[in-house]
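Asker: Got a predicted structure here, sequence first:
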Amino acid sequence: MSSVKNARVLIVDDETDVLFALKMLLKTEVKEVVTEKNPDLLPGLLERQKFDVIFLDMNFKSALNTGNEGLFWLRQILEKDKDASVILITAYGDVELAVKSLKEGAADFIVKPWRNEKLLETLHQTLEKRQQKTKGSTATTSAKKNPHTTILGESEAIKEVLYKIEKIAPTEANVLILGENGTGKELVARALHEKSFRAGKPFVSVDMGALTDSLFESELFGYKKGAFTDAREDRPGRFEAASGGTLFLDEIGNISPAMQAKLLTVLQNRQVTPLGSNTPIPVDIRLVSATNEPIYELAARSQFRKDLIYRINTVEITLPPLRQRHGDVELLARHFASIYAQKNHKATPDFAPETLQKLKQHSWPGNVRELQHAVERAIILAEGNVLQPQDFSFSAMEVASAAPAASYVPDTPVPLSEIERETIIRVLEKNKGNISRTAKELGLTRTALYRRLNKHDI
Ligand SMILES: Nc1ncnc2c1ncn2[C@@H]1O[C@H](COP(=O)(O)OP(=O)(O)OP(=O)(O)O)[C@@H](O)[C@H]1O
């Protein structure tokens, strides 16, 4: 493929063996391969050279093995070039993190140890997508971005959700989607867009939980060249990027009072003013928001503005946790089994009756996303073509966060350090691995939290 032959590839990994192996593999495939062992040198490197694809390690040994340093560098790269195509190299078991990275804008990921064939296929697909993008097909309808957008479920709760989507989608109503992590809120947001009159226009998703107060305005409202030191060119904000389409504000319950006030003003005035500009731009978006926070409780405690809730919740859709719809577990498990079997070049497996029993009994604190990853793991590891109960082992983190939060007092005292460990795991899981938010919630500094992560080997 000509786009591959002309491609310039950068590989950033602190393992010399990985750099060497990848360079050997790719140097006959692409035009240029540059390798870099030290991620600190990335910004300078990206200033000097443009790359078509960047392979980025998620687990630099020099820092803590939480994967956050990989996410950190991914964000840095995308901040410099929002269209950069980054393929992440993750260790087996880090699939959760890889999926998070995809949400943050990574193009794809490969799992170590990789098969060369699979790696080349990923490279080809990424370059192909990149080429299509630069050819001008910029409408990011979810069907193009994610082929797995069908909302599955036969439970009454899901039927009710589907009914609401059909009714609400063709209107201009602002929709607030409520539900725990992994219950399908983003999927519902995309479905609302696809079934709306705005379907041919962009669907722009913003993770509000990841925005700091200082980034909020530049990210959402955009900026003019020279508005601040790093503003080297005009950049439209997400409101403008979503013009004519749908703006999805995910994790809206996590924003500070200052951000709430700014967002409310924009929604009231229906215009945004980019930083460094005096000219407001009219806003033409359909707003869909989502949160896993108990937003009404936050409002009752004056931590979330009621007037902002009224702006964003013309209609509400609540997604029930998977543990309240065990009837959907088998359907979803079979669906994911078929997808991941195909992805891994295997025949679609069956489920032993005891396996289905085990899956139905699990409490799924991570909801559908946890089930999806559990099935993916099982498919990769399973020996035969019938998935057995032992192919599904739930990690300590899943089990810890599944434990009831009630004040249960055990007969034999639990060591304090064990309680500390479990609390950290639970809060980390709740905040989806976000160190800053976890530290804040636990009343620790980031450094103190990192020390404890190390101490408890989390
Ligand atoms: N009913 C469903 N049918 C098929 N797939 C589903 C369903 N619900 C969720 N999924 C899948 O589960 C994964 C998690 O869903 P999604 O990202 O929409 O959840 P979320 O509630 O937005 O999570 P978070 O709060 O963590 O952002 C996605 O891969 C999604 O496609």
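Answerer: Perfect, thanks for sending it.
Asker: contacts and neighbour counts: CA atoms only from here.
Answerer: Will do.
Asker: C-alpha coordinates for stretch 21-33, PDB please?
Answerer: Provided in PDB are the C-alpha atoms of stretch 21-33 (Å, rounded to 0.1, in the frame of the first residue of the first chain):
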ATOM      1  CA  ALA A  21      12.600  -5.400  17.200                       C
ATOM      2  CA  LEU A  22      10.100  -2.900  15.900                       C
ATOM      3  CA  LYS A  23      12.700  -1.100  13.800                       C
ATOM      4  CA  MET A  24      13.800  -4.300  12.200                       C
ATOM      5  CA  LEU A  25      10.200  -5.200  11.400                       C
ATOM      6  CA  LEU A  26       9.200  -1.800  10.100                       C
ATOM      7  CA  LYS A  27      12.200  -0.500   8.300                       C
ATOM      8  CA  THR A  28      11.500  -2.500   5.100                       C
ATOM      9  CA  GLU A  29       7.800  -1.600   5.300                       C
ATOM     10  CA  VAL A  30       7.900   2.200   5.700                       C
ATOM     11  CA  LYS A  31       9.900   5.100   4.500                       C
ATOM     12  CA  GLU A  32      11.500   6.100   7.800                       C
ATOM     13  CA  VAL A  33      11.600   4.700  11.300                       C
END
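Asker: What residues of it count as buried?
Answerer: For stretch 21-33, a neighbour-count test (16 or more other C-alpha atoms under 10 Å) marks 22-23, 26, 29-30, 32-33 as buried.
Asker: Just the ones in helices from those, please.
Answerer: 22-23, 26 (DSSP state H).
Asker: tell me the contacts of the residue lying closest to residue 347 once chain neighbours are set aside?
Answerer: Leaving out its chain neighbours, the residue that sits closest to residue 347 by C-alpha to C-alpha, 6 or more residues apart in numbering is residue 341, at 5.8 Å. Taking C-alpha atoms under 8 Å, 6 or more residues apart in numbering as the contact definition, residue 341 lies against 347-349, 379.
Asker: and the stretch 301-450 of the chain, which of its residues are near the ligand?
Answerer: 368-369 (C-alpha under 6 Å from any ligand atom).
Asker: do the stretch 101-250 of the chain as well
Answerer: With the criterion set to C-alpha under 6 Å from any ligand atom, the stretch 101-250 of the chain comes near the ligand through 148-153, 180-187.
Asker: how's the chain carved up into domains?
Answerer: 2-134, 144-318, 322-394, 401-455 (automatic domain parsing).
Asker: got the ones you listed as TSV, with mean pLDDT columns?
Answerer: Below are the domains of the chain laid out as TSV (pLDDT from 0 to 100):
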stretch	mean pLDDT
domain 2-134	82
domain 144-318	90
domain 322-394	92
domain 401-455	68
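Asker: Identify the farthest-apart pair in the residues of the stretch 101-250 of the chain next to the ligand.
Answerer: 148 and 180 (20.0 Å; C-alpha to C-alpha).
Asker: Neighbour count for the two, which is higher?
Answerer: residue 180 (20 against 13; other C-alpha atoms under 10 Å).
Asker: which one is that one nearest to, not counting chain neighbours?
Answerer: Nearest non-adjacent residue to residue 180 (C-alpha to C-alpha, 6+ apart): residue 292, at 4.8 Å.
Asker: again with residue 282
Answerer: Closest to residue 282 by C-alpha to C-alpha, 6+ apart is residue 271, at 4.3 Å.
Asker: which residues does that neighbour contact?
Answerer: 280-283.
Asker: Now with 10 Å, please.
Answerer: 221, 239-240, 265, 279-284 (C-alpha atoms under 10 Å, 6 or more residues apart in numbering).
Asker: Among these, the buried ones, what's the ChimeraX command?
Answerer: Entered in ChimeraX, the line below selects the buried ones among the contacts of residue 271, by 16+ other C-alpha under 10 Å:
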select :221,239,240,283,284
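Asker: Which of the contacts of residue 271 sits closest to the ligand?
Answerer: Checking the contacts of residue 271 against the ligand with C-alpha to the nearest ligand atom, the nearest one is residue 239 at 19.9 Å.
Asker: buried set for stretch 289-309?
Answerer: Buried, per 16+ other C-alpha under 10 Å, within stretch 289-309: 289-293, 295, 299, 303-305, 308-309.
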